[in-house]
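Student: Generate coordinates for the sequence data below:
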Amino acid sequence: MRKIGLMGGTFDPVHIGHLLAAVSAKEAAKLDEVWFIPTSIPPHKPQPGTDAVTRCEMLKAALSGNPAFRLETIELEREGASYTIDTVIALQAREPDAQFYWIIGSDMINNLPHWRRVEELAERISFIGLERPDQPSNDGELPPPLRRRLLRAAMPPLGISSTDIRHRLKEGRSIRYLVPEAVHDYIQRNDLYGS
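Tutor: Next up, the predicted model:
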């Protein structure tokens, strides 16, 4: 079976931290591929500032040149809020020969019990928790079914966030080296985020 990591997010914009997280998860779990899944309507975050087409174009630019990374638009094709369980069920029906892993940051590990239908989700997939030294998690507090389905991956500490990148652009500050060069060029060409 192919081992595929799934990484959801608004990617508004995609940045170096997202790519490094994908590489870290891929190496730790020996994944064949990592699929980046931009959300349409995130249930627990503010709405993205840019439209889905723009976010997909930035992802395509960021992922080009790495055959193990790909854009997956399944959540953009669905109406309403994007829940992980719905995405996983649809992908498993479409890709029966794949074993899926959901990639999450250490800040989300302790939040897993609050995810929609998480018990069913844990029966279907495993989670790869990216550990950052500045954001330790305590998986000892997770219910045993979730703890058994959690793999760990080390993540170098990087203080990069899409929110910070958007603020920098609004303030007229540089984001060079925080995003892939192709994404930087796309943002500048299209005057995104007040750049």
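
Student: Please name the nearest non-neighbouring residue to R78.
Tutor: Excluding the flanking residues, the one nearest R78 by C-beta to C-beta, 6 or more residues apart in numbering is S40, at 6.6 Å. No exception for glycine: its C-beta is placed from N, CA and C like everyone else's.

Student: now Q47
Tutor: Closest residue to Q47 apart from its sequence neighbours, by C-beta to C-beta, 6+ apart: I41 at 7.0 Å.

Student: Not counting its own residues, what contacts the helix or strand bottoming out on mean pLDDT in the chain?
Tutor: One helix or strand of the chain scores below all others by mean pLDDT, DSSP states H and E: helix 106-109, with a mean of 86. Residues outside helix 106-109 that contact it (C-beta atoms under 8 Å, 6 or more residues apart in numbering) are 127, 129-132, 135-137, 139, 142, 150, 155.

Student: I'd like the next helix or strand past the helix ranked longest in the chain.
Tutor: For the chain, the longest helix by residue count, based on DSSP state H, is helix 16-29. Next along the chain after helix 16-29, taking DSSP states H and E as the criterion, comes strand 33-38.

Student: circling back: show me the contacts for the residue nearest to R78.
Tutor: By C-beta under 8 Å, 6+ apart, the contact set of S40 is 52, 75-76, 78, 80-82.

Student: Tell me the most packed of the residues you listed, by neighbour count.
Tutor: Of all those, E75 has the most neighbours under the rule other C-beta atoms under 10 Å, reaching 22 neighbours.
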